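[1] sequence and predicted structure are below.
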Amino acid sequence: MGRGGSPKSQSTQGGRGACHFGDGFEDYGPDCNSMRVTAFLDVPGQDNLLPLTRLEKYAFSENTFNRQIIARGLLDVFRDFSNNEEDFLTVMAIVVRLSEDAEPTVRTELMEQIPPIAIFLQENRSNFPVVLSEYLIPIVVRYLTDPNNQVRKSTQEVLLILLEQDLIFQYDIENTVCPILLQLSALDSDDEYKAEAVSIICKMASMLSKSTVERLLLPRFCELCGDGKLFQVRKVCAANFGDICRAVGQEATEKFLIPKFFELCSDAVWGMRKACAECFTAVSHSSSPEVRRTQLSPLFIRLVSDPCRWVRQAAFQSLGPFISTFANPSRAGLYLGEDGTLSIWPLTQDVDSGFASGSPTPRSGGNTSSASSTKPVQMEPELPEEGTSAKTSNFSPISSSDGLTENPVESSVLAGAELTRLSPEASAFSKLSDINDLPISSHPGSDSWACPGNAEDLFNDFLYWRTPLPDISKDLELFLSEAEPQEDDCSRPKTVHNSCVARSEIQKVLESLQEHMLNDPDVQAQVQVLSAALRAAQLDSVNEPESKPTAGLNEVSISDSSSASDNQITLSASSSHNELSVARILQSTDAGEHRNGTSDHLDMDQRQDPTPLEENKSKIPDIIPQPLLDQYVSMTDPARAQTVDTDIATHCAYSLPGVALTLGRQNWHCLKDTYETLASDVQWKVRRTLAFSIHELAVILGDQLTAADLVPIFNGFLKDLDEVRIGVLKHLYDFLKLLHEDKRRDYLYQLQEFVVTDNSRNWRFRYELAEQLILILELYSPNDVYDYLMHIALKLCADKVSEVRWISFKLVVAILQKFYSNSESALGLNFIHELIIRFRHCSKWVGRQAFAFICQAVVSKECIPMDQFVEHLLPSLLSLASDPVPNVRVLLAKALRQVLLEKAYFRNAGNPHLEVVEETILALQSDRDQDVSFFATLEPKRRNTIDTTVLEKQN
């Protein structure tokens, strides 16, 4: 017995069998995975040395190949000698000496074995931290400065692997690894070492703790970003800038890294600017919304307009992803869940005690609907800014057909005597144009109410900008008459203020209209109305205390009163007319601001622009900066393809769903023309990209916009090239389920067109169709399935390609299950008879084999009642026992023996059909074909529960 035990026992402990070779080398190769690399150590040689002594001999042999083999087989050596502490220390000493080998190939082989050795030692050595720190880490650190380039490359990879596997401890990282990297990346260090060191620093940053990176590596990284000596170092910094930003977090990014990023984006070398454009999205993710909007957006516009074409190309490729970083779920109304599905963002509301019901709940997907809607919605509802709330009392919500609910507090301001004073930050009248088009759900109860009158009685842009202004005095009387009973039933405040709009708001609008009143009589009339309202508001402020302004965007402050009789104010029709006219003027001038749910005021030129929102579709200043949207929309310009990139339209199409999600469905009009241009692009790659994502865009837009804008494009894709149609086909179910039932039925006949392809050899197209039809079955009624989809399934079952036929058999089974699960047994029987005619009596054996498979699947899935199966399918199935083709009889034997007899229906000894089935199986057991008799005799597979029970008993 040697120090490490017998060679054979050691080989067994190592888990490998001993392989005997002459010298142990000549038969070794990379394909010998089942042998130990150091198996030659087990062979007793003429020197009669022990295995450990023989290891030392070959490890320090003059033959380079011997040392290389020892280095390559170190893991096996540790397995053999790690049990004995003395032998283990001897092996570690050999490793240290081997690491000082003069041959680079030996050092490379040794370094490549460090990760598996470290993992083995971690699992088997209690003193692993000591072994790693004293033996392995010093070797890795020393090899980072090795003169051989291949050794250094291998060492860098090993270091990252050890960090990724969490094999290096924090102490070694801070006191051994980081110091050598800081030394190599010093400004006066060798250029080659410096470039490699900064690359390692960037890659390992994501594997270290935030404090370690910020304390040890971040200062050096900032220095290297300004290295004027070697542009390769700056380029590595620029390429990995996003990884460093993610590692240090938002605060350190904005304090230390953003200034350096500005310098790199202005670097004289175009490759630096290009690298910055490629990582711009990652930097934006690590920045706050304010920095993203005020600093990064102008910087990105500079890159998009860079004189170098390659920089512009990279910038335009990153434009869509960069815009997507502006996404705010509270504004867009949608958010991505953890499983990647789109869901509607819940509208958080701070409700009073009197608001007992009607709070919105998030609805998944885009085709949501509200049961309380009274008519179709004509305008997409708005969403409040994050953090805002609506304080209401005894109101029911306004529901829209896409599942988003809005608080109707703003419309309550119009209720005659219930006019309220608004906070300076938000105007309730800013919601009037949206309420024109939204239905008001009237819930029964004492606290429910609805705005009377037709849509044309409320504010309308078209009517407003033309004289004369509509007379609403009768409407006001109707409002007053309906508002009085509301006060009795609802615990609403009694006091109503004469001025419904803050004086500051009126003053701002008056100033904006001064320049236009000289030649425009409409504007003069508006100024007169506003001036009268301003004077009335000033008089009211002398007699009445102002209510405290509220902080939220959608909050409406209603002043409290102790007595209704003392503070009730009787409004004249003329003053009410003036107040409502003021409300309309303010609404028209500030519509763009409040429709986006923000408290930021528009610029003066936007306030002065009387153009309605419908004619100014691209203005969305509060979601993303306008220049970014303008640049993105310009990507469809043919001139861009000539000056930037021929594939720029493809990049635009690829990122369009993300941009649409950022803008939200209420701003779809900004992208509609761009999407239509891309859908008609001459390059099929662009159309193919849109076809693959149209189902996701449908979820973002909701059912109404999908039906209006996406369905025509979807129909065009159905008639496009196969390369485009496959994108639609792969997500056909996802798109159709978002449509209304009447729209969905229009595609029943068009589904047959998918069977025909440009190239008949494109069998994967038909395979995908069969897979989609299995899912689509749930979207249609049994009658529609029978009239349209059943014929497609039968046609696919006769396909020339076997893969298409087998998936089509599953489709047939799913159709049968559809019929019988919906109690349509008549349709099921007709389909069964069709299957018997087409497949059981088919002249080709493939068809008869398909019938056996369908019957087997029907029984296995239990898609039809067993009494129906034995009555209509079993006789035809048993008749296949006399089929002349063995392949048919083999599948019959499998179906009877493995599936049919396992069902409880046939386990009953009194079953009249059991005898016939057993006779058929006996006949198949004596079949002249060996395969048929084998499967007819083979015992059925035991169930997992039975196998588990047997194993437990054996244990």
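    Alright, I've got the coordinates.
[2] where are the low-confidence patches of the stretch 751-900 of the chain?
    The model of the stretch 751-900 of the chain has no residue with pLDDT under 70.
[3] same question for the stretch 1-150 of the chain.
    For the stretch 1-150 of the chain (pLDDT under 70), the answer is 1-49.
[4] what do you get if the cut-off is 50, keeping everything else the same?
    Scanning the stretch 1-150 of the chain for pLDDT under 50 picks out the ranges 1-35, 43, 46.
[5] do the same with the stretch 601-750 of the chain
    Looking at the stretch 601-750 of the chain by pLDDT under 50, you get 601-618.
[6] again, only this time at 90
    Confidence mapping of the stretch 601-750 of the chain against pLDDT under 90 gives the ranges 601-624, 639-643, 645, 664-666, 703, 741-743, 746, 749-750.
[7] do a quick rundown of the helices in it.
    Assigned by DSSP state H, counting those that start in this stretch, the stretch 601-750 of the chain shows helices spanning 604-608, 626-633, 638-643, 648-663, 669-679, 684-705, 711-718, 722-730, 732-736, 741-745.
[8] for the stretch 101-250 of the chain, same thing?
    Counting by DSSP H, counting those that start in this stretch, one finds helices in the stretch 101-250 of the chain at the ranges 104-112, 114-124, 128-131, 137-143, 149-164, 170-172, 178-184, 191-204, 210-212, 218-225, 231-239, 241-252.
[9] ok, back up a step: closest to A205 out of the helices of the stretch 601-750 of the chain?
    Closest to A205 of those, according to C-beta to C-beta: helix 648-663, at 26.4 Å. Backbone N, C-alpha and C define where each C-beta goes, glycine included.
[10] what's that closest one in contact with?
    Under the contact criterion C-beta atoms under 8 Å, 6 or more residues apart in numbering, helix 648-663 has outside partners 313, 316-317, 319-321, 323-324, 326-328, 332, 334, 342, 620, 623-624, 632, 635-636, 640-641, 645, 668, 670-671, 674-675, 678, 681, 683, 685-686, 689-690, 693, 696-697, 700-701.
[11] quick check on those: which are buried?
    Buried members of these, counted by 16 or more other C-beta atoms under 10 Å: 313, 316-317, 319-321, 323-324, 326-328, 332, 334, 342, 620, 623-624, 632, 635-636, 640, 645, 668, 670-671, 674-675, 678, 681, 686, 689-690, 693, 696-697, 700-701.
[12] any chance of the helices of the stretch 101-250 of the chain in JSON lines, plus mean neighbour count and distance to L873?
    Below are the helices of the stretch 101-250 of the chain laid out as JSON lines (neighbours: other C-beta atoms under 10 Å; distance: least, C-beta to C-beta, whole Å):
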{"stretch": "helix 104-112", "mean neighbour count": "21", "distance to L873": "62"}
{"stretch": "helix 114-124", "mean neighbour count": "17", "distance to L873": "57"}
{"stretch": "helix 128-131", "mean neighbour count": "16", "distance to L873": "65"}
{"stretch": "helix 137-143", "mean neighbour count": "19", "distance to L873": "69"}
{"stretch": "helix 149-164", "mean neighbour count": "18", "distance to L873": "57"}
{"stretch": "helix 170-172", "mean neighbour count": "13", "distance to L873": "69"}
{"stretch": "helix 178-184", "mean neighbour count": "17", "distance to L873": "73"}
{"stretch": "helix 191-204", "mean neighbour count": "21", "distance to L873": "63"}
{"stretch": "helix 210-212", "mean neighbour count": "14", "distance to L873": "66"}
{"stretch": "helix 218-225", "mean neighbour count": "19", "distance to L873": "72"}
{"stretch": "helix 231-239", "mean neighbour count": "22", "distance to L873": "65"}
{"stretch": "helix 241-252", "mean neighbour count": "20", "distance to L873": "61"}
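[13] make TSV from those helices and add distance to V859 to it.
    Formatted as TSV, the helices of the stretch 101-250 of the chain follow (distance: least, C-beta to C-beta, whole Å):
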stretch	distance to V859
helix 104-112	55
helix 114-124	49
helix 128-131	57
helix 137-143	62
helix 149-164	50
helix 170-172	61
helix 178-184	66
helix 191-204	57
helix 210-212	59
helix 218-225	66
helix 231-239	60
helix 241-252	55
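[14] I'd like the next helix or strand past the helix or strand K894 falls within.
    Using DSSP states H and E, K894 maps to helix 886-894. Proceeding N to C from helix 886-894, the next assigned helix or strand is helix 904-907, under DSSP H and E.
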